[in-house]
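Novice: Okay, sequence plus prediction incoming.
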Amino acid sequence: MDYTRPDTNAIIGALLRDLAGVQTAKQSGMGYKRAAHMVLGLDLPIESLVLADGSLQKIPNVGPKSEIVILEVLRTGESETVERAVTESGKADNVAASRSFREHYLSRAQVVAALNDSALSGPTLGDYRGDLQLHSTFSDGTQTLDELVATAIARGYEFCGITDHSHGLPIAGGMSMARLAEQHVEIDRINRAHDGRFRLIKGIEANIRPDGSIDMSAEELTQLEYVLVAPHSALRSDEDQTRRMVAAIMTPGVHVLGHPRGRQYGTRGGIQADWELVFYAAAQAGVAVEIDGDPARQDLDFLMVKRALDVGCLIALDSDAHSPVELRHAEFAIAHARLAGVPVDRIINCWPTDRFLDWLASRRPS
C-alpha cells in the first residue's frame, strides 16, 4: 500500500467536506460533514463495501446525495457533482485553500492498514505503554480522572500523563494553580488505589506564547512531574516562528513539544518555521517532539517525523484525548510512527515505567 498517497476513503472524505463548505443551508452542510466524518473513520477501504450489483452497503450518516459522490469516485476517481457545486457556489478559492491544508493526513482505514502491515518497522500496539497527552474535566475534557484511568487500564497501559491546560489558556478552561493542587490530590488518591499496577503522572499542557515564553513560572513548573508545551496562537501567520519554538524548547523543565505546528485538517497549515533547526534544538535539549494522534491534527505527520529522526529527536505518541473513546486516537500516532520507521527505543511512551519516570525526574528544574 502506498501510504504517501490519499486512499479512496481520504479522497471521498475530502470531497464531502468540500461539498459541505459550499452549502447555503446549515443543515445540508452539517449532513455532508457527518458523512465525511463517517467515511474518514471507516476501518476498511470503502471499496470493500460495494455490493455485487454495484450499489453501496449502507453506511450510517451517509445519505443518498453523499452516496452519489461516493459512487462517482469509485467509478472515476473524482466527483463531477462536487466540482460542479464548487464552481457554481462562487467559493472555489475557499475550497482550494481548504484542500491545501489536507496533506499527509491518514484516514482510519490507512491507520488500520499501517498497524497490521508486517512490512513496516516501528512500534506496535503492544509496545505502547502509556499516553502522555490527556485532558479531563479539570480543563476542557469530558472525562473524569477515574474514567480516564479506567479506560487506560482497559487498553493495557502502565502509565499516563494528565495534561490539562495551564492557567494562561482560559479559552480551554486552563487551570489555576489552586485547581492544579486539587487535581494533584485526586492523582495521589488514584495512584494509591492502583499502586504497582498503574501510574498517573502529574503533568500539564503549558501554552507557548508568541514570544516563545511559557505561561507558567519556573517555580510553578517545579510542582509538576511532566511538562508538555504547545502553541495555541499565531497558527495562521506567514511569519517565521523558528525563534519562538526554539525558545520554548529551551525552557528548563520542558519534556515534550506537543502538536508542534498546530495544524488542523482543512482549516490551517500551522506554524511556519525552519523545522530542521527546531528539531535540532529539541534533540540537543533532550526534548521529545510529539505525534498528536487527534485525526484532525496528526501533527507531526510521518514525513515530518522522518526529518526529526534524522537529527536525533526523541518522539512522543499521544492521543490528545478529551473523552474516553478518544484514547484510541493514539493509534493514529502509532501508525505515523510506523510509517516513519521510528525505532521503539526512541519513543518515550514505549519505555518501561521506571525508565520513563527516571527520565522525567532528571529533567525537572530544581
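Specialist: Perfect, I can see it now.

Novice: use CA for all of it now, contacts and neighbours both
Specialist: OK.

Novice: Over to the closest residue to G262 other than its chain neighbours. Which of the three states is it?
Specialist: In this structure, G262 finds its nearest non-sequential neighbour in G270, 4.9 Å apart by CA to CA, 6 or more residues apart in numbering. Recorded secondary structure, G270: coil (DSSP: H, G, I helix; E, B strand; the rest coil).

Novice: you'd agree G270 is up against L235?
Specialist: Yes: the pair G270 and L235 qualifies as a contact (CA atoms under 8 Å) at a distance of 4.7 Å.

Novice: Mutual contacts of the two, please.
Specialist: Counting by CA atoms under 8 Å, 6 or more residues apart in numbering, the residues touching both G270 and L235 are R261, G262, R263.

Novice: Run through this protein and note the low-pLDDT ranges.
Specialist: Residue ranges of the chain with pLDDT under 70: 1-6, 366.

Novice: swap the cut-off to 80 and go again
Specialist: Residues of the chain meeting the criterion pLDDT under 80: 1-6, 365-366.

Novice: outside of stretch 120-131, which residues touch it?
Specialist: Counting by CA under 8 Å, 6+ apart, residues outside stretch 120-131 touching it are 114-115, 152, 156-161, 317-319, 327, 330-331, 334, 337-344, 349-353.

Novice: again, but for stretch 229-246
Specialist: Applying CA under 8 Å, 6+ apart, the set of residues contacting stretch 229-246 from outside is 205-214, 248, 254, 256-263, 268-275, 277-278, 281-282.

Novice: So what's the gap between the strand or helix carrying M245 and the chain middle?
Specialist: Applying DSSP states H and E as the criterion places M245 in helix 242-249. Counting by CA atoms, centre = their mean, to the nearest Å, helix 242-249 is centred 20 Å from the centre of its parent chain.

Novice: again, but for stretch 335-347
Specialist: Taking mean C-alpha positions (CA atoms, centre = their mean), stretch 335-347 and its chain are 15 Å apart.

Novice: for that stretch, which positions count as buried?
Specialist: For stretch 335-347, burial by neighbour count (16 or more other CA atoms under 10 Å) applies to A335, H336, A337, R338, L339, A340, G341, V342, V344, R346, I347.

Novice: can you tell me which of these are in helices?
Specialist: A335, H336, A337, R338, L339, A340 (DSSP state H).

Novice: Contact partners for the last one?
Specialist: Residues in contact with A340, defined by CA under 8 Å, 6+ apart, are G122, F302, L303, V305, K306.

Novice: Of the residues you listed, grab the buried ones for PyMOL.
Specialist: Entered in PyMOL, the line below selects the buried ones among the contacts of A340, by 16+ other CA under 10 Å:
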select buried, resi 122+302+305+306
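
Novice: how far out from the middle of the chain is the helix or strand Q110 falls within?
Specialist: For Q110, the enclosing helix or strand under DSSP H and E is helix 108-116. Counting by CA atoms, centre = their mean, helix 108-116 is centred 16 Å from the centre of its parent chain.

Novice: list the buried ones in whichever helix or strand comes after that helix?
Specialist: Where DSSP H and E defines the elements, the next helix or strand beyond helix 108-116 is helix 145-154. For helix 145-154, burial by neighbour count (16+ other CA under 10 Å) applies to L145, L148, V149, T151, A152, I153.

Novice: before we move on, back to that, how much space separates the residue nearest to G262 from R263?
Specialist: For G270, the distance to R263 equals 4 Å [CA to CA, to the nearest Å].

Novice: Counting neighbours, show which residues of the lengthiest helix in the chain come out buried.
Specialist: Using DSSP H to define each element, the chain has its longest helix at helix 177-193. Within helix 177-193, the residues scored as buried using 16+ other CA under 10 Å are L180, Q183, H184, I187, I190, N191.

Novice: Stretch 10-29 now?
Specialist: 10-23, 29.

Novice: Give me the distance from it to the chain's centre.
Specialist: In terms of CA atoms, centre = their mean, the centre of stretch 10-29 is set 23 Å apart from its chain centre.

Novice: Buried ones among the contacts of stretch 229-246?
Specialist: 205-210, 212-214, 248, 254, 256-263, 268-273, 275, 277-278, 281-282.

Novice: Inside helices: which ones of those residues?
Specialist: Going by DSSP H, the helices hold A248, W275, L277, V278, A281, A282 from the buried ones among the contacts of stretch 229-246.

Novice: of the contacts of A340, closest to K58?
Specialist: Of all the contacts of A340, K58 sits closest to F302, with 32.5 Å by CA to CA.

Novice: For the closest one, give its distance to E331.
Specialist: Distance, F302 to E331, using CA to CA: 13 Å.

Novice: the strands in the chain, which residues?
Specialist: Using DSSP state E, the strands of the chain run over 159-162, 199-208, 226-231, 256-257, 288-292, 315-318.
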